[in-house]
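# Predicted model follows, preceded by the sequence.
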Amino acid sequence: MELFNRDGKDELGKRAFCKACQKVRSAKYYQENKETIREKTNQHYHDNIDTIKPKRKVYRDANKEKLAAVGKEWREANKEQCVEKARKYYQSNREVIKKKSAKYHQENREHCNKRNKEYQQKNIVRLRAQAKKYRQDNPEIMISYRLENKEKINKTRTIYRQANREKVRETYRKWVEKNVEHVKEKRMDYYLKNKDRLNEVSKKRNVKWYQENKERSKKATRAWAAVNIEKVRTMRSNRRAREMKAIGILTSKEWAHILRFYGNKCLDCGKSGNEVEITRDHVNPLINGGSNLASNIQPLCRSCNSSKHTKTTDFRKEQIYDF
C-alpha cells in the first residue's frame, strides 16, 4: 500500500494514510470549507500574480491536450452548471462583452467569418432546430425585433439575395413544391386585397416593357399566333363583340365543341374544314343586338358568312347544339 505521510515523521505513524483515504478526506474538507479556501486561493493569486502567471503559462503549453480533455470531460459532466454560470456572467457583463466581441471581430473579420461558416456547416441541423424552437417559444420577442430593425433586416436580406440569387431561387422553388396549396391561398388572398393596385402596377410595367422591347414583343406574338390560330380567332371575335357591347363570351373550348357537333363543315354550302376556312357566324348578328353566347353561334365558311351579311338566318334547323 502506498502511504501518504502528512507530517513526514514516521511512515507507519498514526498520521499516515493511503492516497485514496487522503483524497476522500481532502474532498470532504474542501466541501466544508469551500468559501474560506476560495478566498485564501484568490488572495494568494493576487499577492503572487507576477510569479504564478508565467508558471501557469508554461504548464498549460506543456499539457495542452491533457487540460483540454479534462476541461471537456468536466463540462460534459456539469453541463447545466456551466450554462447557468455563463448566462449569469453574460447578463452581468453584457455591454463589456459586446464591446470586446465587436472589437475582436473588426480586427479579425476574415478569420471569424471563416470559423463561423465552418461551425455552421458542421452543426446546421442542430442550429436550425434551435432557431426554430426559439422562434416558436418567443413569438412576441421576434415580432418586436422585426419591427424595431425593419430597415436593417431588409437591407441584409437584399444583400444576401443579390449575392446568392440562384441558391435563393432554388430554395424557394423547393419550398413552393412542398406547400402548393398554402402558396395558392396566400397569393389569392393578397391579390384580392390589392387587386386595383396590382392591376395598375402590372399595366404600367407591361407598357414600359413593351416600349423597350417592341420588336421582340411583336416577334414573340407572331410566333405564338402562328401556333395558336384558333385561340387568336376566338380572341378577335370576342374583342369585336365587346366593342359592339354584345352579351357573353365564346370560349375556344365551346367553339371546338360546336365544330365537332356539326362535323367541322359549313352548314350552308356543306364544305368541310379541310377545303375551306370555317368561321364563327352569329345567327342573330351583333349589329342587330345579337349575343356572343354559344347558343347564337353557327359554323359557316367565310364566303357563306359574307353572303349572309346582317340577315338573321338559322342554318342549324332542328340540329341545335345543347349548350
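Ah, there it is. Numbers count the residues shown, from 1 in each chain.

# In three-state terms, label residue 281 for me.
strand (DSSP: H, G, I helix; E, B strand; the rest coil).

# For it, the count of nearby residues, please.
22 (other C-beta atoms under 10 Å). The C-beta positions use only the backbone N, C-alpha and C, and glycine is treated the same way.

# thought it was touching residue 303?
No: if you go by C-beta atoms under 8 Å, residue 281 and residue 303 don't touch, sitting 11.5 Å apart.

# Stretch 70-79: how far from the chain's middle?
With C-alpha atoms, centre = their mean, to the nearest Å as the basis, stretch 70-79 stands 38 Å off its chain's centre.

# quick one: contacts of it?
Outside stretch 70-79, the residues that touch it by C-beta atoms under 8 Å, 6 or more residues apart in numbering are residue 82.

# what does stretch 127-136 give?
Counting by C-beta under 8 Å, 6+ apart, 120, 142 sit against stretch 127-136.

# for it, which positions count as buried?
Buried residues in stretch 127-136, counted by 16 or more other C-beta atoms under 10 Å: none are found.

# could you dump the longest helix along the chain to CSV, C-alpha only?
What stands out as the longest helix in the chain, according to DSSP state H, is helix 195-212. Output of helix 195-212 as CSV, limited to C-alpha atoms (Å, rounded to 0.1, in the frame of the first residue of the first chain):
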residue,chain,number,x,y,z
LYS,A,195,-56.4,43.9,-56.8
ASP,A,196,-56.7,47.5,-58.1
ARG,A,197,-53.1,48.5,-57.2
LEU,A,198,-51.6,45.3,-58.6
ASN,A,199,-53.5,45.7,-61.9
GLU,A,200,-52.3,49.3,-62.2
VAL,A,201,-48.7,48.3,-61.5
SER,A,202,-48.9,45.4,-63.9
LYS,A,203,-50.3,47.6,-66.6
LYS,A,204,-47.6,50.2,-66.2
ARG,A,205,-44.9,47.5,-66.2
ASN,A,206,-46.3,45.8,-69.3
VAL,A,207,-46.5,49.1,-71.2
LYS,A,208,-42.9,50.1,-70.2
TRP,A,209,-41.6,46.7,-71.1
TYR,A,210,-43.4,46.8,-74.5
GLN,A,211,-42.0,50.2,-75.3
GLU,A,212,-38.5,49.0,-74.5
